[in-house]
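[1] Sequence below, structure please.
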Amino acid sequence: MNPTVLIAIPLLPLLAAIVAGLGGRLIGRAGAHWLTCGAVAASCVLSFLVLKQICLDGVPVYDAKVYTWLVSDGLHMEVGFLIDRLTALMMAVVTFVSLCVHVYTIGYMSDDPGYTRFFSYISLFTFSMLMLVMANNFLQLFFGWEAVGLVSYLLIGFWYTRPSAIFANLKAFIVNRIGDFGFVLGIAGVVYFTQSLAYRDAFAAAPNMAQALIPLSRTWSVPALTLICICLFIGAMGKSAQVPLHVWLPDSMEGPTPISALIHAATMVTAGIFMVARLSPLFEYSDAALSFVLVIGATTAFFMGLLGVVHNDIKRVIAYSTLSQLGYMTVALGVSAYGAAIFHLMTHAFFKALLFLAAGSVIIALHHEQDMRRMGGLAKYMPVTAATCWIGALALVGTPFFSGFYSKDAIIEAVGESHRWGATYAYWCVLCGVFVTALYTFRMLFLTFHGPERFRDATHTHEAHVDAGRMIGPDEPTQVLDDGQAPGGDHSDHGHGATPRESPAVVTVPLVALAIPSILIGALTVGPVLFGHYFTGSILVLDRNDVLGAIGEEFGGPVLFALQGLLAAPFWLAAAGAVTAWAFFLRRPAWADLAVRKARWLYRVLTEKYYFDWFNERILAALARLIGVGLWKGGDEALIDGALVNGSAATVGWLGSVMRRVQSGYLYSYAFWMMIGLALLLGWFLAHARF
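    A predicted model of the protein is given here:
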């Protein structure tokens, strides 16, 4: 494998980002998108070439350093690449989805004044994710980890004149810093036991680390590897938005739609899933850590999916879908089905990017309207967008023969096979989550593309939407949309009888390109990737934990697997969710209002997002401010400024004033003080002398 090719794959997007960012005025808007799209396209072609070499040509795994950055006390800090089948798959997915988003951005952001800056950012995002997945050591992993966090901060707050965008990117930054604190502690633990940052050294030392103990008190110790793996996973909880560090992801919708697709499909949120799979040789030796991963993932999969049922912003519904699907991937990691997690990551990348870009196409047609209550009947005006969105939705709910079916059903079966602590709870969460996923997904489809054409009425009110059965309370605040205005604001001719039109080819071609793998990629790859030996040498699964191997013994091919799925519980739960959505949101909308009135408390809990934001903003933030004020008043002003700085200065001044009185300059005064001193010394001597 040619090292020059490997270096070019991440560096091409980096160079394009630098030129577009710093020289955007020189190359112009067209130059920015041609340069960045061309660089990412070249990286995509090279990534698929690497995938071919690894999978078909039998090229051995490449694990080598590129250069040594620093050596400190024998610890080598290097930049290096580990290219195996896991890395090659991730490289292909990241670059392909990124390329589709780059092309789509040409149409979506055409009128934005920050056009060249946006292309620079998304190209830099691609570079950051590639550096993360290609790393062969923890230092480079951490570099890519922080780089995707930095660029996501820039992109979520891309429209920096909007207070809501600034709040959202600050929220993402703070929440991820919490997760990254645990991640750094985990890396520090690895370095402590191995004296190395290289993956190979950590993996080789894993059995010994599993036997070591870390004392937390005089009487209590924990297994070292368990503590290390939990700390590492806390980092993944931040990046991959797992409960309770999930709160930043829905607010990331404040960024433009293309970056929503890139964050949710192929870059930042998948980093945590990839990291745990890459570090499977560590996690496999800690059942306690894997049970922790399992329970967190199951909770996220079910309870975050419920939130998608009550929200009306089309992008936020898809965002809650991402939270739920990330929970499915995390559950797979927790039962040692790492291959199923990565397989679902791959299929999810295609259909989730498709759903976001289709939502963006709708938003363009409706002049930046995002509220599904002001849509409806768009299928006949936007047939390509509607058809591709339906494909993405069918893949998302796990319809047999679509890509999402093969990955999601494999996860559910793997959890059912597992005997790990927490597996029973996780199984019911992911199984019931199928119904919830179908409910909010088909609700989105019916409200957006079918039913009455509500986009023609410019006089909608919240009360009118309640009467129309749209699952919204009369006191729900207005959503803030892509252009910083409220729904129904001054959006050109929207709301005045304008007829929506299909988006231009620069938008619809990426939709079609993503729709094809959303249908086919699962059936084409389920055999070798999921039940074959594709990840052998890349992912370690101990024999006692091999749930995928048990399922694979009954695998008879993709067609038979899908036919069996037609008789399985997940398919019928998905069908029940679709029928429920049709009945409540298309056939009898008044039923939705009745359900809200009958279960007002549940509706309130869901619309308040389980009060996580309330707790964080009202309790934690208030507590942090209280601690800050206490440290400021008591520590800084009273102790540091008052006692140490000002107090010491005042003490010196007082001593100086006293000494000035003693140093009078008169000889008789000095003789007097000498006599007093001599008398005191003589008195002390006589009192302590022994004659």
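[2] In the stretch 451-600 of the chain, where is pLDDT below threshold?
    458-498 (pLDDT under 70).
[3] could you pull out the helices for it?
    462-467, 505-525, 547-552, 558-565, 569-582, 590-598, 600-607 (DSSP state H, counting those that start in this stretch).
[4] what do you get for the stretch 151-300 of the chain?
    163-194, 199-211, 224-239, 248-251, 257-265, 268-278, 280-283, 287-307.
[5] Can you tell me which of those helices is nearest to R587?
    helix 287-307 (22.1 Å; Cβ to Cβ). Just so you know, the C-beta spots here come from the backbone N, C-alpha and C atoms, and that holds for glycine as well.
[6] what angle separates the closest one from helix 600-607?
    110 degrees (axes from the mean of the first three to the mean of the last three Cα atoms, to 10 degrees).
[7] Would you mind finding the most buried of the helices of the stretch 451-600 of the chain?
    With neighbours defined by mean count of other Cβ atoms under 10 Å, none of the helices of the stretch 451-600 of the chain is more surrounded on average than helix 505-525, at a mean of 21.
[8] Now do it: everything it contacts.
    Helix 505-525 is touched from outside by 97, 100-101, 103-104, 106-108, 343, 346-347, 350-351, 353-354, 357-358, 360-361, 364, 384-385, 387-388, 391-392, 395, 401-407, 502, 558-559, 562, with contacts defined as Cβ atoms under 8 Å, 6 or more residues apart in numbering.
[9] I'd like to check which residues are in contact with F125.
    Here F125 is in contact with S98, V148, V151, S152, L155, I259, L262, T267, M268 (Cβ under 8 Å, 6+ apart).
[10] Show me how far the host helix or strand of I363 is from its chain's centre.
    For I363, the element it lies in under DSSP states H and E is helix 338-365. Centroid displacement of helix 338-365 relative to its chain, using Cα atoms, centre = their mean, to the nearest Å, is 14 Å.
[11] now do stretch 146-154
    11 Å.
[12] Identify the nearest residue to the residue sitting nearest the centre point of the chain in space, disregarding sequence-adjacent positions?
    In the chain, the centroid-proximal residue (Cα atoms, centre = their mean) is V269; its distance is 2.8 Å. Nearest residue to V269, sequence neighbours excluded (Cβ to Cβ, 6 or more residues apart in numbering): S240, at 5.2 Å.
[13] Wait, A395 touches F405, no?
    Yes. Assessed by Cβ atoms under 8 Å, A395 is found in contact with F405 at 7.5 Å.
[14] Neighbour count for those two, which is higher?
    A395 (31 against 28; other Cβ atoms under 10 Å).
[15] What helix or strand is the more buried one located in?
    Per DSSP H and E, A395 falls inside helix 383-396.
[16] Closest to R597 out of the contacts of F125?
    I259 (38.1 Å).
[17] Wait, that closest one touches I156, no?
    Yes. Under the criterion of Cβ under 8 Å, I259 makes contact with I156 at 7.4 Å.
[18] coming back round to it: was I right about the residue nearest to V269 contacting T270?
    Yes. Using Cβ under 8 Å, S240 is in contact with T270, at 7.1 Å.
[19] low pLDDT regions in the protein?
    458-498, 690-691.
[20] out of the contacts of helix 505-525, which are buried?
    Neighbour-count burial (16 or more other Cβ atoms under 10 Å) is assigned, among the contacts of helix 505-525, to 97, 100-101, 103-104, 106-108, 343, 346-347, 350-351, 353-354, 357-358, 360-361, 364, 384-385, 388, 391-392, 395, 401-407, 502, 558, 562.
[21] quick revisit: how far off helix 569-582 does the helix holding A395 point, in degrees?
    140 degrees.
[22] CA atoms only: put helix 383-396 into CSV for me.
    What follows is helix 383-396, C-alpha atoms only, in CSV (Å, rounded to 0.1, in the frame of the first residue of the first chain):
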residue,chain,number,x,y,z
PRO,A,383,-41.6,13.8,-6.8
VAL,A,384,-37.9,13.1,-6.7
THR,A,385,-37.6,14.5,-3.2
ALA,A,386,-40.6,12.6,-2.0
ALA,A,387,-39.5,9.3,-3.6
THR,A,388,-36.0,9.5,-2.2
CYS,A,389,-37.3,10.6,1.3
TRP,A,390,-39.6,7.6,1.3
ILE,A,391,-36.7,5.3,0.5
GLY,A,392,-34.7,6.8,3.3
ALA,A,393,-37.7,6.4,5.7
LEU,A,394,-38.3,2.8,4.7
ALA,A,395,-34.6,2.0,5.3
LEU,A,396,-34.8,3.8,8.7
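[23] which residues touch that helix?
    With Cβ under 8 Å, 6+ apart as the test, helix 383-396 has contacts from 321, 325, 347, 350-352, 354-355, 358-359, 361-362, 365, 378-379, 402-405, 437, 441-442, 444-445, 448-449, 502-503, 508, 511-512, 514-515, 518-519, 522.
[24] Check stretch 180-200 too.
    Contacts of stretch 180-200 (Cβ under 8 Å, 6+ apart): 63, 74-78, 80, 82, 136-139, 142, 145-146, 149, 201-202, 205, 208-209, 212, 214, 224, 227-238, 278-279, 282.
[25] Mark which of the residues you listed are buried, thanks.
    Here, 16+ other Cβ under 10 Å leaves 76, 78, 80, 82, 136-139, 142, 145-146, 149, 201-202, 205, 209, 212, 224, 227-238, 278-279, 282 buried among the contacts of stretch 180-200.
[26] show me where the stretch 1-150 of the chain has strands.
    Taking DSSP state E, counting those that start in this stretch as the criterion, the stretch 1-150 of the chain contains strands spanning 62-72, 75-83.
[27] what's next to the last one, contact-wise?
    Pointing back at strand 75-83 there. Contacts of strand 75-83 (Cβ under 8 Å, 6+ apart): 1, 3, 6, 50, 54, 61-71, 87, 134-137, 139-140, 191, 195-199.
[28] so it versus helix 199-211, what angle?
    Going by the same axes, to 10 degrees, strand 75-83 makes 110 degrees with helix 199-211.
[29] what do you get for the first one?
    Note on geometry: by the same axes, to 10 degrees, strand 62-72 and helix 199-211 are set 80 degrees apart in direction.
[30] now strand 62-72: how far from the chain's centre is it?
    That offset, for strand 62-72, works out to 28 Å (Cα atoms, centre = their mean).
[31] Check stretch 581-591 too.
    The answer for stretch 581-591 is 33 Å, by Cα atoms, centre = their mean.
[32] Span of that stretch from start to end?
    Terminal residues of stretch 581-591 lie 11 Å apart, using Cα to Cα, to the nearest Å.
[33] what do you get for stretch 590-605?
    21 Å.
[34] go on, stretch 624-641?
    The first-to-last residue distance of stretch 624-641 comes to 22 Å (Cα to Cα).
[35] What residues sit buried inside it?
    Under 16+ other Cβ under 10 Å, stretch 624-641 has no buried positions.
[36] same check, this time on stretch 611-623
    Residues of stretch 611-623 classed as buried by neighbour count (16+ other Cβ under 10 Å): N616.
[37] Now do it: everything it contacts.
    P244, H246, V247, V605, E608.
[38] CSV please, covering the residues you listed and showing distance to L130.
    Shown next, in CSV, are these (distance: Cβ to Cβ, whole Å):
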residue, distance to L130
P244, 30
H246, 25
V247, 28
V605, 41
E608, 39
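[39] closest to Y427 among those residues?
    Comparing the contacts of stretch 611-623 against Y427 with Cβ to Cβ places H246 closest, at 21.3 Å.
[40] Show the backbone phi and psi for R588.
    The phi/psi pair for R588 (degrees, to the nearest 10) reads phi -130, psi 80.
[41] I meant to write D112 there.
    Backbone geometry at D112, expressed as degrees, to the nearest 10, gives phi -80, psi 130.
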